[in-house]
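S.K.: Show me the folded form of this:
(one chain, ligands or ions: 1)
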Amino acid sequence: MATGSGSSYVGRFAPSPTGSLHLGSLVAAVGSFVDARRAGGRWLLRMEDLDTARVVPGCSDEILRALEAFGLCWDGAVEYQSRRTDLYADALHSLQARGLTFECSCSRRELANSVETGYLGTCRAGPTRCGPTATRFRIDDSAVVLFNDRIQGACRFEMRTLGDTVIRRRHGAFAYQLAVVVDDAAQGVSDIVRGADLLESTAWQIQLQQALQLPRPLYGHLPVVVEATRGKLAKSRRSLAIDPARAGSQLHAALGLLHQAPPAELEHAPPAAVLEWAIANWTLDRFHGMKEFVVATQMSLD
Ligand code: GLU
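M.R.: Predicted coordinates:
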């Protein structure tokens with residue numbers, strides 16, 4: 001579908017180049033792409049490559065080639081978070097200037113116990129130990145974040161149970177929660193369609209948007225693809241890796257998972273034809289409130 005139709009919708013896909021695209025990421029990419037095109041909107045692409053320890057060399061390009069093979073064509077230039085750190089530094093300083101951050105010396109091991117309950121506020125009054133520190137965003141313990149998700153419906157999070165999130169890691173890298181909020185605003189993103197594994201993160205992101213006086217996009221959290229054994233799909237799962245050589249049939253399978261019921265005769269159609277059908281028939285109504293799309297462990301994408 002042609003873009004530039006005057007729609008104010010701006011969507012985006014923001015993969016982390018830490019592994020090849022897999023079925024779960026294909027579903028998220030297709031969901032956000034088709035939703036944007038259905039609205040006559042733009043669809044941007046952003047590489048979330050700040051976590052240098054996990055970034056796999058060559059992976060960004062592989063993801064771009066795969067998206068092209070699937071006909072998931074983005075608008076404008078690809079943004080790389082690793083080239084945008086000045087923006088995150090400005091946002092960090094602005095939060096620091098207003099006393100909304102604190103330095104935290106807790107190690108991963110010390111934090112392991114608080115995973116269930118959120119960060120317990122150990123370093124709120126100052127780092128408890130010498131050495132490198134991470135920076136955390138100080139949440140308001142009494143804050144309750146409410147938002148209406150297009151797919152999950154009314155969502156409510158008590159910030160006290162989530163705790164103070166890391167916005168700059170111990171060795172200096174900016175963290176996802178800060179970068180995503182800065183970028184979505186800087187890129188004018190109006191609509192975010194992504195996996196429900198990020199539903200909880202949305203609460204922090206809304207709090208950060210408020211603190212930085214940034215607009216709040218509309219959210220739609222797609223069910224995440226899980227295997228029948230109930231583990232979240234890891235990007236390394238070869239069995240569910242996507243194959244650009246079979247893009248049309250794999251798109252068909254992804255749309256099936258998204259409850260779009262694509263007609264059988266499209267199964268061997270080229271990607272552009274499958275996507276054209278998906279855009280014309282797109283609806284979120286069939287998986288309202290669902291958190292997971294369960295696939296059999298051996299499901300191949302044929
Ligand atoms: N980079 C994140 C991921 O690959 C997605 C972030 C987002 O969509 O907000 O899981």
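S.K.: For the helix or strand in which Y219 is found, name the packing helices and strands.
M.R.: According to DSSP states H and E, Y219 maps onto strand 218-222. When contacts are defined as 3 or more Cβ pairs under 8 Å, 6 or more residues apart in numbering; DSSP states H and E, strand 218-222 packs onto helix 23-38, strand 144-149, strand 191-195, helix 199-211. Just so you know, the C-beta spots here come from the backbone N, C-alpha and C atoms, and that holds for glycine as well.
S.K.: okay, the helix or strand just after it in CSV with CA atoms only?
M.R.: Once strand 218-222 ends, the next helix or strand along the chain (criterion: DSSP H and E) is strand 224-227. Coordinates of the C-alpha atoms in strand 224-227 are reproduced here as CSV (Å, rounded to 0.1, in the frame of the first residue of the first chain):
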residue,chain,number,x,y,z
VAL,A,224,4.2,-13.9,22.1
VAL,A,225,4.9,-17.1,20.2
VAL,A,226,5.7,-19.9,22.6
GLU,A,227,6.3,-23.6,22.0
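S.K.: the helices in this protein, which residues?
M.R.: With DSSP state H as the criterion, the chain has helices at 23-38, 59-69, 85-97, 108-112, 159-162, 176-186, 199-211, 247-257, 271-281.
S.K.: Relative to A247, which of the helices and strands packed on strand 218-222 is closest?
M.R.: helix 23-38 (9.6 Å; Cβ to Cβ).
S.K.: is the closest one anywhere near the ligand?
M.R.: No: judged by Cβ under 6 Å from any ligand atom, helix 23-38 stays clear of the ligand, getting no closer than 6.9 Å.
S.K.: okay, the angle between that helix and strand 218-222?
M.R.: Between helix 23-38 and strand 218-222, the angle comes out at 140 degrees (axes from the mean of the first three to the mean of the last three Cα atoms, to 10 degrees).
S.K.: name the helices or strands packed onto helix 23-38?
M.R.: By 3+ Cβ pairs under 8 Å, 6+ apart, helix 23-38 packs against strand 10-13, strand 42-47, strand 191-195, strand 218-222, strand 224-227, helix 247-257, helix 271-281.
S.K.: mind listing what's buried in that helix?
M.R.: 23-38 (16 or more other Cβ atoms under 10 Å).
S.K.: Tell me the spacing between the closest residue to R194 other than its chain neighbours and A185.
M.R.: Leaving aside its sequence neighbours, R194 sits nearest to A28 (Cβ to Cβ, 6 or more residues apart in numbering; 5.6 Å). Counting by Cβ to Cβ, to the nearest Å, the gap from A28 to A185 is 21 Å.
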